[in-house]
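Engineer: How does the following fold in three dimensions:
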Amino acid sequence: MNDHTAVAPSIGRNIAAILAGLSYDDLPDDVVRTTKLFTLDTLGVIAGAAKAPGMAELVSALTAWESNGKATLLLNSSTVNPVTAALANGAAAHSLDFDDQHDPARVHVFCVVLPAVLAAIEAQDEPTTGRQFITAVTLGVELFCRLGLACYNSLGKGWHPTTALGSIAAAAAAAKVFGLDAERTLHAMGLAFVQLSGTTQFIADGALAKRIGPGFASRSGLLAAHLAANGITGPWRFLEGEAGLFQLYERGEVRSEILTNGLGTDWRMRDLSMKPYPCCRCVHTTIQLALDVRAQGIDGDDITSGTIELSEINTKIVGANFDRGHPNPVVHAQFNAAYAFAAALTDGKVEIATFTPNRIRAADVAFAARLQTVAAADIESTAIAPARVRLHLRDGRIIAEERWAMKGSPDEPMSEAEVFAKFRSCVQWGFDADDSRIAALQQALMQLDGLGDAREIVHLFLRCRPGALAA
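Structural biologist: Okay, here's the model as predicted:
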């Protein structure tokens, strides 16, 4: 590396300098609280993934090639290479589509950043304190939110921004765990960019690869930070270079100032949403509309036809016709507005069991095939929350309902009681865990800043698994 590249300005170098200079004391109390709650939520969703399609196969495939590593596969307690743990745990965090989202940025953040940080702290010989853990997660999450906001139409181009952008954020978070200076943090992010990938084709094809994408990003970010810590350099103009993120991937559609303006003082992660339903965020308002219609005494047999109106981008993601015989029913249903509406209308709730093959193929939700999803002309093309339904009933009536806010968002947040209830239900679903062990994990997570060794949360998580000893 010559003297010019060592000192030349770049957006990435500016980001790295800011992140390297921040510590726990720079984090506002409400931001720390948010990190604790979303860490708890993500670990609950990981536990819930124990029975999710594809997870057993993924863990089996990964452990067939390695064992006796430094980091833990949370679903089966095996120890493996840290990058493998980040991959598997990241995939588990996203497998139910029950993980958080920054709605305006359209990125799921904790499913990528948290597994990278967990693997990084286990890779270290010395303990990482709870405060150091919170700092690394928070800064990675904050950068991720800003990347999604800056690259505001990534999803519209066919990229899955959680997978594509997440590697850079995971690298920054892992670099913080490893104590890298600004220059090596820059190279960690650049090396993560070199590995960048992830398109929405897996959504279109209903493939299980959808849930592995965040795992790939988490793995790539952790590996990038490890390589940078050992002297490997990455492209320092990975954002604004001629073949960088902004031009090559985003085609110039970028608000680059969002990445650095107020970084470390103005926290975009305050706008994170927590999911009340285990499916694509694009259908959550549709679910609420179904519950509104159900409250009027209407059921599926009453409906002859109907239209669900969403934004253009939402329609591209979840607007396919419902197919009960789809070869990959779970992913298909998680990304189908018509099915989400039908299930919510029929059952009066949407939960993990809603997205199991038998439920998806049941006759009482077959009327979803009579519902069409279209883009609404009066809804901004990239808007995520607004939705409208128009139903034609057998008695001749036409019912119309609309909503412009989404449950779980800052506008309509889940209460802490609802967050804790979701956490307990996920851990019980996946692990059939004892209440006392779930309570111990919950308590440790909400007191994370007091832990001398953050690896304690891995130990408490594993105690919730079936057959775990009562140590």
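Engineer: Kindly export stretch 300-320 (C-alpha atoms) in PDB.
Structural biologist: Coordinates of the C-alpha atoms in stretch 300-320 are reproduced here as PDB (Å, rounded to 0.1, in the frame of the first residue of the first chain):
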ATOM      1  CA  GLY A 300     -63.400 -16.800   3.500                       C
ATOM      2  CA  ASP A 301     -66.600 -18.400   2.300                       C
ATOM      3  CA  ASP A 302     -68.100 -15.000   2.000                       C
ATOM      4  CA  ILE A 303     -65.600 -13.800  -0.500                       C
ATOM      5  CA  THR A 304     -66.000 -14.300  -4.200                       C
ATOM      6  CA  SER A 305     -63.000 -12.200  -5.300                       C
ATOM      7  CA  GLY A 306     -60.800  -9.500  -3.900                       C
ATOM      8  CA  THR A 307     -57.900  -7.200  -4.500                       C
ATOM      9  CA  ILE A 308     -55.000  -6.300  -2.200                       C
ATOM     10  CA  GLU A 309     -53.300  -3.000  -3.100                       C
ATOM     11  CA  LEU A 310     -49.700  -2.400  -2.100                       C
ATOM     12  CA  SER A 311     -46.700  -0.300  -3.200                       C
ATOM     13  CA  GLU A 312     -45.000  -1.300  -6.400                       C
ATOM     14  CA  ILE A 313     -42.000  -2.700  -4.700                       C
ATOM     15  CA  ASN A 314     -44.100  -4.700  -2.200                       C
ATOM     16  CA  THR A 315     -46.200  -6.100  -5.000                       C
ATOM     17  CA  LYS A 316     -43.000  -7.300  -6.700                       C
ATOM     18  CA  ILE A 317     -42.000  -9.100  -3.600                       C
ATOM     19  CA  VAL A 318     -45.300 -10.600  -2.300                       C
ATOM     20  CA  GLY A 319     -47.700 -10.200  -5.100                       C
ATOM     21  CA  ALA A 320     -47.600 -13.600  -6.800                       C
END
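Engineer: Quick one: mean pLDDT for that stretch?
Structural biologist: Stretch 300-320 comes out with an average pLDDT of 97.
Engineer: cool, and stretch 396-415?
Structural biologist: The pLDDT scores in stretch 396-415 average 95.
Engineer: can you give me how far it is from the chain middle?
Structural biologist: 22 Å (CA atoms, centre = their mean, to the nearest Å).
Engineer: Check stretch 218-238 too.
Structural biologist: Relative to the chain's own centre, stretch 218-238 is displaced by 22 Å; criterion: CA atoms, centre = their mean.
Engineer: Who are the contact partners of the most centrally placed residue in the chain?
Structural biologist: Per CA atoms, centre = their mean, the C-alpha nearest to the average position across the chain is that of residue 108, at 2.8 Å. Residues near residue 108 by CB atoms under 8 Å, 6 or more residues apart in numbering: 94, 99-101, 162, 214. Just so you know, the C-beta spots here come from the backbone N, C-alpha and C atoms, and that holds for glycine as well.
Engineer: Below-threshold pLDDT in this structure: ranges please.
Structural biologist: Regions of the chain meeting the criterion pLDDT under 70 cover residues 1-8, 469-471.
Engineer: now do 90
Structural biologist: When residues are selected by pLDDT under 90, those of the chain lie in 1-9, 53, 66-68, 156, 203-208, 211, 328, 382, 466-471.
Engineer: What residue spans form the domains of it?
Structural biologist: Listed by automatic domain parsing, the domain ranges of the chain are 3-271, 281-403.
Engineer: Residue 464: which of the ones you listed is closest?
Structural biologist: Set against residue 464 and scored by CB to CB, the domains of the chain come closest in domain 3-271, at 6.4 Å.
Engineer: about what we covered before: looking at the domains of the chain, which is closest to residue 438?
Structural biologist: Distances from residue 438 to each of the domains of the chain were compared using CB to CB; the minimum, 8.8 Å, belongs to domain 3-271.
Engineer: so how far is that closest one from its chain's centroid?
Structural biologist: In terms of CA atoms, centre = their mean, the centre of domain 3-271 is found 10 Å from the chain centre.
Engineer: do stretch 302-316 as well
Structural biologist: The answer for stretch 302-316 is 25 Å, by CA atoms, centre = their mean.
Engineer: If you count neighbours, what's buried in that stretch?
Structural biologist: By neighbour count, with 16 or more other CB atoms under 10 Å as the criterion, the buried positions of stretch 302-316 are 302-303, 306-316.
Engineer: circling back: tell me the most buried of the domains of the chain?
Structural biologist: For these, ranked by mean neighbour count under the definition mean count of other CB atoms under 10 Å, the leader is domain 3-271 at a mean of 22.
Engineer: Need phi/psi at residue 307.
Structural biologist: The main-chain torsion angles of residue 307 are listed as degrees, to the nearest 10 and equal phi -130, psi 130.
Engineer: And the strands in the stretch 351-471 of the chain, which stretches?
Structural biologist: Counting by DSSP state E, counting those that start in this stretch, one finds strands in the stretch 351-471 of the chain at the ranges 371-375, 387-393, 398-403.
Engineer: next one: the second one to chain centre, how far?
Structural biologist: If you compare the mean C-alpha spot of strand 387-393 with that of the full chain, they lie 30 Å apart, counting by CA atoms, centre = their mean.
Engineer: list the helices and strands that strand packs on?
Structural biologist: With contacts defined as 3 or more CB pairs under 8 Å, 6 or more residues apart in numbering; DSSP states H and E, the packing partners of strand 387-393 are helix 284-294, strand 303-310, strand 398-403.
Engineer: which secondary structure elements does the helix or strand that comes right after the second one contact?
Structural biologist: Proceeding C-terminally, strand 303-310 gives way to helix 312-318 as the next helix or strand, assigned by DSSP states H and E. Based on contacts counted as 3+ CB pairs under 8 Å, 6+ apart, the elements that helix 312-318 packs against are helix 337-347, strand 371-375.
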